[in-house]
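Engineer: Need a 3D model of the sequence below.
(chains A, B, C and D)
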Number of protein chains: 2
Amino acid sequence: MTKYNNTTYAILGILTTGCKSGYTIKQLMDRSLNHFWKISYGQIYPTLKLLVENELATVKTTSQDGKPDRKEYELTDKGAETLKSWLNQPIEQIPVERNEVLLKLFFGRYQSEEQTYLQLEDYKQKLEERLQTYTAIEQSIRTHHDNDPDARYWLFTLDYGKRTTLAAIDWCQATMEAI
Amino acid sequence: MTKYNNTTYAILGILTTGCKSGYTIKQLMDRSLNHFWKISYGQIYPTLKLLVENELATVKTTSQDGKPDRKEYELTDKGAETLKSWLNQPIEQIPVERNEVLLKLFFGRYQSEEQTYLQLEDYKQKLEERLQTYTAIEQSIRTHHDNDPDARYWLFTLDYGKRTTLAAIDWCQATMEAI
DNA sequence: TCTTTCATGTAAATAGTTACATGATTCA
DNA sequence: TGAATCATGTAACTATTTACATGAAAGA
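Structural biologist: Got it, this is the predicted structure:
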């Protein structure tokens, strides 16, 4: 079985949700996966091309009146199999999440305590904004996708974002008090 | 002021801690920054070269008996200034941390509930191992670097790792119960 | 008229890992 | 004898973003 990168599997997965074109894939990404997976058009279009080349999907161009032509992609059986087999594999290792604030804090001795404090305050504020975004998305899913069988899983991923962000906010507070 | 990437600033910062060669930089990284910043030799050596080219550091080659020659790098005033000015700038935005487990969970509908459960169990276990590593590093810092003025800041970054990892573990538990 | 939305795509640049090459010493 | 540690470095590959190019329609 050929191995693809996770971005390819992400696109493969999105094709199961009814999104069919590069444009709508990007939209769904930005709305629903943005907190743990983010990609640009520069990756989406070449990947869709690759899917067709490797027979994981098929394309057809559809004309729409008043709007540009769009290419609609559909998973093949091989594509669906590839997705499922990836889903069932456990992850190899948790990746290291690079954190610029921690990197700066690590060298905190070369900074004034006021500056460190301001840095943490700024970070905390950004985290709080993020938390609010998560809550907003959650509300939106609960009202617009209440009967969608995917919604359950989407809410699980949001819950993760909320919990870890909250933990980070608490850490900011505690660290600011310790300085 | 020229802008560099964060990896360059990380190396600049490590040069203030007494690590002088590419080899020892890598060692310190692996031991102390590994939970939020990780780089390979393939990045360290070219970056050190760049630092010298841009007059942020100077090199001299020292011979050691019984061991290979080593290059020792030292920050210039310009290098120290560059580091400090970066430290004082607030981060632009919190990066999206890609999470393969969440990506798989997002498409959980195409997987059996047992498989999803196993996936979460596996992730939880990996997180618990990570938490133990953090605790071990913390102990090591408390015993070996008790009077080091940097130690305080190192412990702050570890505390972040512990809190967010713990939150992720709780999420795993809650999600496993919900499935 | 200007901005937004729709829609697809490529080229260049940046970032980063992995694999390789080299070679001495120490320790089991 | 073989592995580990010390030590530096490059080439190839992979992943990804950013900037650009194109162009029509809708709405303010």
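Engineer: Now do the strands in chain A.
Structural biologist: With DSSP state E as the criterion, chain A has strands at A:57-64, A:67-75.
Engineer: Out of those strands, which is the most enclosed?
Structural biologist: Using mean count of other CB atoms under 10 Å in any protein chain shown, the stretch among the strands of chain A with the largest mean neighbour count is strand A:67-75, at a mean of 14. Bear in mind the C-beta positions are built from the backbone N, C-alpha and C, glycine included.
Engineer: Serialize the strands of chain A to CSV and add fields for distance to chain B.
Structural biologist: As requested, the strands of chain A are exported to CSV (distance: least, CB to the nearest CB, whole Å):
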stretch, distance to chain B
strand A:57-64, 15
strand A:67-75, 11
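Engineer: As TSV, the ones you listed with distance to A:E113 would be great.
Structural biologist: TSV is the format used below for the strands of chain A (distance: least, CB to CB, whole Å):
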stretch	distance to A:E113
strand A:57-64	55
strand A:67-75	54
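Engineer: mind giving me CSV with these and columns for mean pLDDT?
Structural biologist: Listed next are these as CSV, based on pLDDT from 0 to 100:
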stretch, mean pLDDT
strand A:57-64, 89
strand A:67-75, 88
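Engineer: which stretch among those strands comes nearest DNA strand C?
Structural biologist: Minimum separation from DNA strand C across the strands of chain A (CB to the nearest atom of the strand) falls at strand A:67-75, 3.6 Å.
Engineer: How far away from the center of its chain is that closest one?
Structural biologist: 23 Å (CA atoms, centre = their mean, to the nearest Å).
Engineer: thinking again about what came up before, I'd like the strands of chain A laid out as CSV, including distance to DNA strand D.
Structural biologist: Below are the strands of chain A laid out as CSV (distance: least, CB to the nearest atom of the strand, whole Å):
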stretch, distance to DNA strand D
strand A:57-64, 10
strand A:67-75, 4
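Engineer: mind checking which of the ones you listed is nearest B:G161?
Structural biologist: Nearest to B:G161, of all the strands of chain A, is strand A:67-75, at 38.5 Å by CB to CB.
Engineer: report the angle between the axes of that closest one and strand A:57-64?
Structural biologist: Computed with axes from the mean of the first three to the mean of the last three CA atoms, to 10 degrees, the direction of strand A:67-75 lies at 160 degrees from that of strand A:57-64.
Engineer: Parallel or antiparallel, which strands does strand A:67-75 pair with?
Structural biologist: Neighbouring strands of strand A:67-75 in its sheet, by DSSP bridges, are strand A:57-64 (antiparallel).
Engineer: is any part of the partner strand close to DNA strand C?
Structural biologist: Yes - with CB under 7 Å from any atom of the strand as the criterion, DNA strand C is reached by strand A:57-64 at A:Q64.
Engineer: quick revisit: of all the strands of chain A, which lies closest to A:K49?
Structural biologist: Comparing the strands of chain A by CB to CB, strand A:57-64 comes nearest, at 8.9 Å.
Engineer: so where's chain A shaky on pLDDT?
Structural biologist: Applying pLDDT under 70 to chain A flags the ranges A:65-66.
Engineer: Which parts of it belong to which domain?
Structural biologist: Using automatic domain parsing, the domains assigned to chain A come out as A:6-87, A:100-178.
Engineer: can I get the ones you listed in CSV with distance to B:L50?
Structural biologist: Putting the domains of chain A into CSV (distance: least, CB to CB, whole Å) gives the following:
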stretch, distance to B:L50
domain A:6-87, 26
domain A:100-178, 18
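Engineer: And the longest helix belonging to chain A, what does it pack against?
Structural biologist: Using DSSP state H to define each element, chain A has its longest helix at helix A:113-144. Helices and strands touching helix A:113-144, as assessed by 3 or more CB pairs under 8 Å, 6 or more residues apart in numbering or on different chains; DSSP states H and E, comprise helix A:100-106, helix A:151-178.
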